[in-house]
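Participant: need the 3D shape of this:
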Amino acid sequence: MSIVIPARNTAHSLGPVLDALAAQDTNGSVETIVVDDASEDATAEIAAAHPAVDTLIRLRTQSGAAAARNAGTALASADTVVYLDGDMVLAPHVLADIATRSRPDAVLLGFRHNAPYQPGRDGVAKVPGGMPDLAADHRVTWRSQGGKQMYTGITLDRPTTGSPLNDTDDFQKLGHGTTYLDWDLPRVVVTALMAAPREKVVDVGGFDPVFGLVGWGMEDTHLGAALISAGCLVVPLRQCVGFHLDPPDAEAQWQTKLAGWPSTLAYYRRLLDGPVPHSRTTAFRDAAKQLLAESEVINR
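Facilitator: Residues are numbered from 1 along each chain as shown. As a prediction, this is how the structure comes out:
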(Lines give C-alpha, C1' and ligand atoms only; values in the text may rest on other atoms or scores of the structure.)
Protein backbone atom coordinates (compact mmCIF):
# COMPACT_ATOMS: atom_id res chain seq x y z
CA MET A 1 0.00 0.00 0.00
CA SER A 2 0.93 3.63 -0.44
CA ILE A 3 0.00 5.95 2.42
CA VAL A 4 -0.60 9.55 1.31
CA ILE A 5 -0.71 12.16 4.07
CA PRO A 6 -1.54 15.77 3.20
CA ALA A 7 -0.23 17.97 5.99
CA ARG A 8 -0.47 21.69 6.68
CA ASN A 9 0.55 23.08 10.06
CA THR A 10 0.26 19.70 11.77
CA ALA A 11 3.32 19.92 13.99
CA HIS A 12 1.05 19.23 16.97
CA SER A 13 0.04 15.81 15.62
CA LEU A 14 2.24 14.53 12.78
CA GLY A 15 4.84 12.90 15.05
CA PRO A 16 2.31 10.61 16.80
CA VAL A 17 0.68 9.83 13.43
CA LEU A 18 4.00 8.69 11.96
CA ASP A 19 4.93 6.80 15.13
CA ALA A 20 1.67 4.85 14.79
CA LEU A 21 2.44 4.03 11.16
CA ALA A 22 5.89 2.76 12.13
CA ALA A 23 4.22 0.45 14.67
CA GLN A 24 1.73 -1.11 12.23
CA ASP A 25 1.46 -4.89 12.45
CA THR A 26 1.95 -5.81 8.82
CA ASN A 27 4.62 -7.60 6.82
CA GLY A 28 3.45 -6.21 3.48
CA SER A 29 5.12 -3.53 1.43
CA VAL A 30 4.08 -0.09 2.67
CA GLU A 31 5.37 3.30 1.55
CA THR A 32 4.52 6.55 3.29
CA ILE A 33 4.32 9.81 1.34
CA VAL A 34 3.88 13.06 3.26
CA VAL A 35 2.86 16.14 1.28
CA ASP A 36 3.60 19.33 3.19
CA ASP A 37 1.19 22.00 1.94
CA ALA A 38 3.45 25.03 2.53
CA SER A 39 3.23 24.73 6.30
CA GLU A 40 4.29 27.64 8.48
CA ASP A 41 5.35 25.45 11.41
CA ALA A 42 7.70 22.47 11.82
CA THR A 43 5.54 20.01 9.83
CA ALA A 44 8.10 19.49 7.04
CA GLU A 45 11.00 19.12 9.47
CA ILE A 46 9.14 16.47 11.48
CA ALA A 47 8.34 14.51 8.32
CA ALA A 48 11.90 14.81 6.99
CA ALA A 49 13.37 13.41 10.20
CA HIS A 50 10.96 10.53 10.75
CA PRO A 51 12.08 7.05 9.64
CA ALA A 52 8.54 6.03 8.66
CA VAL A 53 8.49 8.56 5.79
CA ASP A 54 9.71 7.32 2.42
CA THR A 55 8.94 10.44 0.39
CA LEU A 56 8.41 14.04 1.45
CA ILE A 57 6.88 16.51 -0.98
CA ARG A 58 7.08 20.19 -0.03
CA LEU A 59 4.62 22.39 -1.92
CA ARG A 60 6.04 25.89 -2.13
CA THR A 61 2.66 27.63 -2.09
CA GLN A 62 -0.47 26.58 -0.22
CA SER A 63 -2.53 24.54 -2.69
CA GLY A 64 -5.13 22.77 -0.55
CA ALA A 65 -5.63 19.20 0.59
CA ALA A 66 -7.00 18.07 -2.79
CA ALA A 67 -3.88 19.15 -4.69
CA ALA A 68 -1.66 17.73 -1.95
CA ARG A 69 -3.34 14.34 -2.19
CA ASN A 70 -3.02 14.41 -5.98
CA ALA A 71 0.71 15.05 -5.70
CA GLY A 72 1.08 12.09 -3.36
CA THR A 73 -1.10 9.88 -5.53
CA ALA A 74 1.01 10.70 -8.59
CA LEU A 75 4.13 9.38 -6.85
CA ALA A 76 2.44 6.40 -5.18
CA SER A 77 3.65 3.06 -6.48
CA ALA A 78 1.12 0.65 -4.94
CA ASP A 79 -2.21 -0.50 -6.34
CA THR A 80 -3.99 0.65 -3.17
CA VAL A 81 -3.67 4.20 -1.85
CA VAL A 82 -4.57 4.90 1.77
CA TYR A 83 -5.46 8.54 2.37
CA LEU A 84 -4.69 9.50 5.94
CA ASP A 85 -4.90 12.93 7.53
CA GLY A 86 -1.90 14.30 9.36
CA ASP A 87 -3.80 14.20 12.64
CA MET A 88 -5.12 10.61 12.53
CA VAL A 89 -3.41 8.11 14.87
CA LEU A 90 -4.09 4.47 13.94
CA ALA A 91 -4.18 1.33 16.05
CA PRO A 92 -1.52 -1.26 15.03
CA HIS A 93 -3.97 -3.52 13.17
CA VAL A 94 -5.53 -0.95 10.82
CA LEU A 95 -3.26 -1.21 7.77
CA ALA A 96 -3.36 -5.02 7.87
CA ASP A 97 -7.16 -4.91 7.96
CA ILE A 98 -7.22 -2.56 4.97
CA ALA A 99 -4.71 -4.64 3.02
CA THR A 100 -6.69 -7.82 3.61
CA ARG A 101 -9.86 -6.27 2.22
CA SER A 102 -8.55 -4.10 -0.61
CA ARG A 103 -9.74 -4.89 -4.12
CA PRO A 104 -9.77 -3.10 -7.49
CA ASP A 105 -13.38 -1.91 -7.13
CA ALA A 106 -13.64 -1.04 -3.43
CA VAL A 107 -13.50 2.24 -1.53
CA LEU A 108 -12.71 1.24 2.05
CA LEU A 109 -13.82 3.63 4.79
CA GLY A 110 -12.25 4.00 8.21
CA PHE A 111 -13.63 6.11 11.04
CA ARG A 112 -12.37 8.78 13.43
CA HIS A 113 -12.74 9.60 17.09
CA ASN A 114 -12.06 13.28 17.76
CA ALA A 115 -9.75 13.82 20.72
CA PRO A 116 -9.61 17.34 22.24
CA TYR A 117 -6.14 18.83 22.33
CA GLN A 118 -4.13 17.93 25.40
CA PRO A 119 -0.60 19.34 25.22
CA GLY A 120 2.27 17.03 25.95
CA ARG A 121 5.99 17.43 25.48
CA ASP A 122 6.90 20.42 23.28
CA GLY A 123 3.20 21.07 22.67
CA VAL A 124 2.65 17.80 20.80
CA ALA A 125 -0.88 16.47 21.32
CA LYS A 126 -1.22 13.57 23.71
CA VAL A 127 -2.77 10.41 22.27
CA PRO A 128 -5.64 9.19 24.48
CA GLY A 129 -5.26 5.83 26.16
CA GLY A 130 -7.33 2.83 25.16
CA MET A 131 -9.01 2.25 21.82
CA PRO A 132 -10.93 4.85 19.79
CA ASP A 133 -14.72 4.57 19.84
CA LEU A 134 -16.49 3.81 16.57
CA ALA A 135 -19.66 5.55 17.79
CA ALA A 136 -17.74 8.84 18.09
CA ASP A 137 -17.68 9.23 14.29
CA HIS A 138 -20.45 11.44 12.88
CA ARG A 139 -21.26 8.80 10.26
CA VAL A 140 -22.13 6.46 13.12
CA THR A 141 -23.79 8.87 15.55
CA TRP A 142 -25.04 12.07 13.90
CA ARG A 143 -26.76 14.94 15.67
CA SER A 144 -28.53 18.00 14.28
CA GLN A 145 -30.12 20.88 16.16
CA GLY A 146 -32.67 21.36 13.38
CA GLY A 147 -34.00 24.54 11.84
CA LYS A 148 -31.29 24.96 9.20
CA GLN A 149 -31.11 23.79 5.62
CA MET A 150 -28.76 20.83 5.46
CA TYR A 151 -26.32 19.34 2.95
CA THR A 152 -29.01 17.49 0.99
CA GLY A 153 -31.32 20.52 0.99
CA ILE A 154 -33.69 19.25 3.68
CA THR A 155 -34.58 21.19 6.83
CA LEU A 156 -35.19 19.22 10.01
CA ASP A 157 -37.81 20.86 12.23
CA ARG A 158 -36.49 19.50 15.52
CA PRO A 159 -33.23 18.26 17.08
CA THR A 160 -32.43 14.87 15.63
CA THR A 161 -30.04 12.06 16.40
CA GLY A 162 -29.44 9.46 13.71
CA SER A 163 -27.28 6.40 13.16
CA PRO A 164 -26.31 6.49 9.45
CA LEU A 165 -24.06 3.42 9.57
CA ASN A 166 -26.45 1.18 11.48
CA ASP A 167 -29.74 2.41 10.05
CA THR A 168 -28.61 1.96 6.46
CA ASP A 169 -27.11 -1.53 6.88
CA ASP A 170 -23.47 -0.38 6.65
CA PHE A 171 -24.45 2.26 4.05
CA GLN A 172 -25.91 -0.32 1.65
CA LYS A 173 -29.31 1.41 1.63
CA LEU A 174 -27.72 4.68 0.49
CA GLY A 175 -27.10 3.48 -3.06
CA HIS A 176 -28.86 4.69 -6.22
CA GLY A 177 -29.52 8.23 -4.96
CA THR A 178 -31.23 7.16 -1.74
CA THR A 179 -30.81 9.40 1.29
CA TYR A 180 -31.08 8.92 5.03
CA LEU A 181 -31.83 12.11 6.95
CA ASP A 182 -29.02 14.32 5.62
CA TRP A 183 -26.82 11.54 4.25
CA ASP A 184 -26.23 10.00 0.84
CA LEU A 185 -23.58 7.56 -0.32
CA PRO A 186 -20.91 10.01 -1.60
CA ARG A 187 -21.07 12.01 1.62
CA VAL A 188 -19.91 9.08 3.75
CA VAL A 189 -16.61 9.01 1.83
CA VAL A 190 -14.25 10.87 4.17
CA THR A 191 -10.53 10.89 3.47
CA ALA A 192 -9.41 11.25 7.09
CA LEU A 193 -8.95 7.48 6.71
CA MET A 194 -9.91 5.95 3.38
CA ALA A 195 -8.39 3.49 0.91
CA ALA A 196 -9.06 3.31 -2.82
CA PRO A 197 -7.64 1.63 -5.94
CA ARG A 198 -5.06 4.01 -7.36
CA GLU A 199 -5.97 3.24 -10.98
CA LYS A 200 -9.59 4.26 -10.40
CA VAL A 201 -8.61 7.46 -8.59
CA VAL A 202 -6.33 8.50 -11.44
CA ASP A 203 -8.90 7.59 -14.13
CA VAL A 204 -11.54 9.91 -12.62
CA GLY A 205 -8.99 12.72 -12.39
CA GLY A 206 -8.15 12.48 -8.71
CA PHE A 207 -9.30 15.17 -6.31
CA ASP A 208 -10.61 18.40 -7.82
CA PRO A 209 -8.12 21.07 -6.60
CA VAL A 210 -10.66 23.88 -7.12
CA PHE A 211 -12.28 22.89 -3.81
CA GLY A 212 -9.18 24.09 -1.96
CA LEU A 213 -9.50 27.49 -3.63
CA VAL A 214 -13.18 28.19 -3.01
CA GLY A 215 -13.45 27.06 0.61
CA TRP A 216 -13.20 23.98 2.78
CA GLY A 217 -14.33 20.39 2.35
CA MET A 218 -16.31 18.40 -0.23
CA GLU A 219 -13.32 17.29 -2.33
CA ASP A 220 -13.56 13.84 -0.76
CA THR A 221 -17.33 13.73 -1.27
CA HIS A 222 -16.84 14.57 -4.94
CA LEU A 223 -14.16 11.91 -5.32
CA GLY A 224 -16.57 9.46 -3.69
CA ALA A 225 -19.26 10.34 -6.22
CA ALA A 226 -16.77 9.92 -9.07
CA LEU A 227 -15.54 6.53 -7.82
CA ILE A 228 -19.11 5.32 -7.28
CA SER A 229 -19.92 6.34 -10.86
CA ALA A 230 -16.85 4.36 -11.94
CA GLY A 231 -18.36 1.23 -10.42
CA CYS A 232 -16.67 1.16 -7.03
CA LEU A 233 -18.31 -0.27 -3.95
CA VAL A 234 -18.25 1.76 -0.72
CA VAL A 235 -17.32 -0.55 2.14
CA PRO A 236 -17.11 0.57 5.78
CA LEU A 237 -14.54 -1.16 7.98
CA ARG A 238 -15.92 -0.89 11.50
CA GLN A 239 -12.71 -2.11 13.09
CA CYS A 240 -10.61 0.63 11.45
CA VAL A 241 -10.93 3.60 13.79
CA GLY A 242 -8.32 6.20 14.63
CA PHE A 243 -7.93 9.04 17.09
CA HIS A 244 -8.24 12.43 15.39
CA LEU A 245 -6.00 14.78 17.37
CA ASP A 246 -7.57 18.24 17.47
CA PRO A 247 -5.24 21.24 17.13
CA PRO A 248 -4.85 23.79 19.93
CA ASP A 249 -7.15 26.23 18.11
CA ALA A 250 -9.74 23.69 16.99
CA GLU A 251 -12.77 25.91 17.58
CA ALA A 252 -11.34 28.81 15.59
CA GLN A 253 -10.35 26.50 12.74
CA TRP A 254 -13.85 25.03 12.61
CA GLN A 255 -15.41 28.47 12.41
CA THR A 256 -13.15 29.34 9.48
CA LYS A 257 -13.86 26.06 7.72
CA LEU A 258 -17.61 26.26 8.14
CA ALA A 259 -17.67 29.84 6.87
CA GLY A 260 -16.35 28.60 3.50
CA TRP A 261 -18.34 25.40 3.37
CA PRO A 262 -21.41 26.81 1.51
CA SER A 263 -19.14 27.81 -1.38
CA THR A 264 -17.64 24.35 -1.70
CA LEU A 265 -21.08 22.74 -1.45
CA ALA A 266 -22.35 24.97 -4.26
CA TYR A 267 -19.35 24.04 -6.41
CA TYR A 268 -19.90 20.35 -5.69
CA ARG A 269 -23.52 20.57 -6.81
CA ARG A 270 -22.49 22.31 -10.04
CA LEU A 271 -20.07 19.47 -10.74
CA LEU A 272 -22.85 16.91 -10.27
CA ASP A 273 -24.74 18.59 -13.11
CA GLY A 274 -21.78 18.02 -15.43
CA PRO A 275 -20.54 14.87 -17.15
CA VAL A 276 -19.36 11.87 -15.17
CA PRO A 277 -15.55 12.06 -14.90
CA HIS A 278 -13.68 9.24 -16.60
CA SER A 279 -10.64 8.69 -18.84
CA ARG A 280 -8.86 11.62 -17.18
CA THR A 281 -5.56 9.88 -16.56
CA THR A 282 -3.59 12.10 -18.95
CA ALA A 283 -5.02 15.30 -17.51
CA PHE A 284 -4.32 14.07 -13.97
CA ARG A 285 -0.71 13.22 -14.78
CA ASP A 286 -0.10 16.53 -16.55
CA ALA A 287 -1.48 18.56 -13.64
CA ALA A 288 0.46 16.50 -11.09
CA LYS A 289 3.66 16.80 -13.13
CA GLN A 290 3.37 20.57 -13.14
CA LEU A 291 2.65 20.69 -9.41
CA LEU A 292 5.59 18.42 -8.60
CA ALA A 293 7.90 20.41 -10.87
CA GLU A 294 7.19 23.45 -8.71
CA SER A 295 7.75 21.50 -5.49
CA GLU A 296 10.63 19.94 -3.58
CA VAL A 297 10.58 16.12 -3.55
CA ILE A 298 12.80 14.28 -1.07
CA ASN A 299 13.12 10.50 -1.50
CA ARG A 300 14.84 8.18 0.93
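Participant: which strand runs longest in the chain?
Facilitator: Criterion DSSP state E: the longest strand present in the chain is strand 233-245.
Participant: that one packs against which elements?
Facilitator: Under the contact criterion of 3 or more Cβ pairs under 8 Å, 6 or more residues apart in numbering; DSSP states H and E, strand 233-245 touches helix 14-22, strand 88-90, helix 94-101, strand 106-115. The way it works is simple: take the backbone N, C-alpha and C, and place the C-beta from them, glycine included.
Participant: of all those, which one is nearest residue 150?
Facilitator: Between residue 150 and the helices and strands packed on strand 233-245, the tightest spacing by Cβ to Cβ is seen for strand 106-115, at 20.4 Å.
Participant: buried residues in the closest one?
Facilitator: Burial within strand 106-115, assessed by neighbour count using 16 or more other Cβ atoms under 10 Å, is assigned to 106-113, 115.
Participant: give me the sheet partners of that strand and which way each runs.
Facilitator: Here strand 106-115 has these sheet partners by DSSP bridges: strand 193-197 (antiparallel), strand 233-245 (parallel).
Participant: and the contacts of the helix or strand following the longest strand of the chain?
Facilitator: Downstream of strand 233-245, the next assigned helix or strand under DSSP states H and E is helix 250-272. Helix 250-272 is contacted by residues 116-117, 151, 208, 210-211, 214-219, 221-222, 225, 247 when judged by Cβ atoms under 8 Å, 6 or more residues apart in numbering.
Participant: list the buried ones in helix 250-272?
Facilitator: Buried positions in helix 250-272, judged by neighbour count with 16+ other Cβ under 10 Å: 263-265, 267-268, 271.
Participant: now the angle from that helix to strand 106-115?
Facilitator: Here the directions of helix 250-272 and strand 106-115 differ by 160 degrees (axes from the mean of the first three to the mean of the last three Cα atoms, to 10 degrees).
Participant: quick check: mean pLDDT across the helix or strand that comes right after helix 250-272?
Facilitator: Downstream of helix 250-272, the first helix or strand assigned by DSSP H and E is helix 281-293. Averaged across helix 281-293, the pLDDT comes to 97.
Participant: tell me which strands and helices helix 281-293 is in contact with?
Facilitator: helix 65-75, helix 198-203.
Participant: and the longest one, average pLDDT?
Facilitator: If I follow you right, that is helix 65-75. Across helix 65-75, pLDDT averages out at 97.
Participant: do stretch 196-212 as well
Facilitator: Averaged over stretch 196-212, pLDDT sits at 97.
Participant: just stretch 269-276 next, same as before
Facilitator: Here stretch 269-276 scores 94 as its mean pLDDT.
Participant: how long is stretch 69-83 from one end to the other?
Facilitator: End-to-end distance for stretch 69-83, by Cα to Cα, to the nearest Å: 8 Å.
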